[in-house]
Structure formats: C-alpha cells, structure tokens
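Asks: the sequence and its predicted three-dimensional model are supplied below.
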Amino acid sequence: METSLVFFSQLNMCEPKEKAFFKLIHGLGKEETSKEAKIRAKEKRNRLSLLVQKLEFHEEPPSSSRSGNLAKETRVSPEEAVIWGESFDKLLSHKDGLETFTRFLKTEFSEENIEFWIACEDFKKSEDPQQIILKAKAIYEKFIQNDAPQEVNLDFHTKEVITKSITHPTLHSFDAAQSRVYQLMEQDSYTRFLKSDIYLDLIEGRPQRPTNLRRRSRSFTCAEFQDVKSDVAIWL
C-alpha cells in the first residue's frame, strides 16, 4: 500500500507538529481576514465614489459659471423675451433667444437637439463640394448613426435614407431629419421652456434662479431659418 505525503512549506520541521500546524492555520486565518478587509474597503470606496458621482450629477454649476450665464441674460430686456413667446420661429431667429433655449435644453440633457438643428443650418450654407462631404460625414457620425455621441431621436426610415445617401450627400440630405427635430422641439421642449423659471424670470426682469437638472427622453427636429449665425465650431 502506498503512502501519500503532504508538504506544507510554512511548517518548520524542527517544531512540534501541533505547534507548527497551529501557526499554519493561524497564518491562513490572518491572510483570509486581510483579504476580506481589503474587499470590504474596496466596496466602501466604490459606494463612496458612486455617491460622489450622484451628488456631482445633481449639484448646481460653479458660482463663476452661473455668474457668466447671468451676465448674458442681463442683456435681454423683458420686452425682447416676451417676443420669444410669440412663436418658436422668433425664439430661434434671435441670437440671445437661441442661447437661452440652448441653456434650457442643457438642464433637460437634450441639447443634442438644438445642436443638430444648428449644424444643419450651417451645413445648408456650404458651397464647396469637399466641405459638403466633410460636414455631412461629421453630422452623421455625431448625431445620426447608431450609438453616435449625441444621437438624436429619429425614426428608422429617416435614418435609413440618410445612411444610404451619406456617401454622396447634397445640401438637402438632412432636411427631413431637421424638420422632425424642429417639430418635436416646438411641440415638446418649447412648451416647457415658456413655463420654465429661465424664461419667466427673464420676462419679469428677475435674476436667474438656480435650475435643477433633470433627465428627460431625447426629442428634436427642424426647419429653415436665415438669421441663425453660422458657427461650425459649435458642432465639429
């Protein structure tokens, strides 16, 4: 009959077997306790990190940033702000109105809608064939393709038409998508904007109050306006 031997590297063969075995088990227990402590500490750090991220996600922008926004808002008179409430067209055709509406969309995390609309306005003013191709590709990759960094909410058919034509784009390649985004903003975001503190404070001449950020589903669409300032840097 063969005898199996088990060797423990931690055992000192000069010590009594009972004492050596006790040291081995005691050492393993300490090592296990140390591992558990590290795991618990890591879990605590992860929970703390998540808590900090949530607090940062909901906290107000730095005071310096808020004061910068307020400086812009003070240029708008209540009379000008009232005009924005007459129609969505008049809001977007006014430089300060466009900026104010963009700030409002940022509080709802849906600024990709207005940025897409602005990009389309700039794109339609392109004249050089090479620029048309480059800008069309940039718009497609940023706003249209699946999992784009600022993907806008378009129906499957509209996206499919754009995808098929993007290799040979024209100045009208994004017209349908822009129109849909415009309509959705007009019917959804614009209605809430007129009831928001951002807008009501302007028409009543009050200082801007802090605005809580809240997540909303994406929506958007567009039409043509000639008075919007072209600025490729906004979306490239």
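Replies: Ah, there it is.
Asks: OK, contacts around residue 174?
Replies: Going by Cβ atoms under 8 Å, 6 or more residues apart in numbering, residue 174 touches 120, 123, 136, 139, 162. The C-beta positions use only the backbone N, C-alpha and C, and glycine is treated the same way.
Asks: shouldn't the second one be in contact with residue 135?
Replies: Yes. Here residue 123 lies in contact with residue 135, judged by Cβ atoms under 8 Å, at a distance of 4.9 Å.
Asks: after the one helix or strand residue 138 maps to, which helix or strand is next? Please name it.
Replies: With secondary structure defined by DSSP states H and E, residue 138 is part of helix 129-139. Under the assignment DSSP H and E, the closest C-terminal helix or strand after helix 129-139 is helix 156-165.
Asks: and that following helix, what other elements does it pack with?
Replies: Helices and strands touching helix 156-165, by 3 or more Cβ pairs under 8 Å, 6 or more residues apart in numbering; DSSP states H and E, are helix 175-184.
Asks: tell me the mean pLDDT for the helix it packs on?
Replies: Mean pLDDT, computed over helix 175-184, is 97.
Asks: that helix packs against which elements?
Replies: If you count contacts as 3+ Cβ pairs under 8 Å, 6+ apart, helix 175-184 packs onto helix 112-123, helix 156-165.
Asks: now the element after the one helix or strand in the chain whose mean pLDDT sits lowest, going C-ward?
Replies: Within the chain, no helix or strand scores below helix 63-73, which has a mean of 40 by mean pLDDT, DSSP states H and E. Toward the C-terminus, helix 63-73 is succeeded by helix 78-84 as the next helix or strand (DSSP H and E).
Asks: put the alpha carbons of that following helix into CSV.
Replies: Extracted in CSV, the C-alpha atoms of helix 78-84 (Å, rounded to 0.1, in the frame of the first residue of the first chain):
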residue,chain,number,x,y,z
PRO,A,78,-38.2,91.7,-20.7
GLU,A,79,-39.7,93.2,-23.9
GLU,A,80,-37.4,91.1,-26.1
ALA,A,81,-38.1,87.9,-24.1
VAL,A,82,-41.8,88.4,-24.5
ILE,A,83,-41.4,88.3,-28.3
TRP,A,84,-39.8,84.8,-27.9
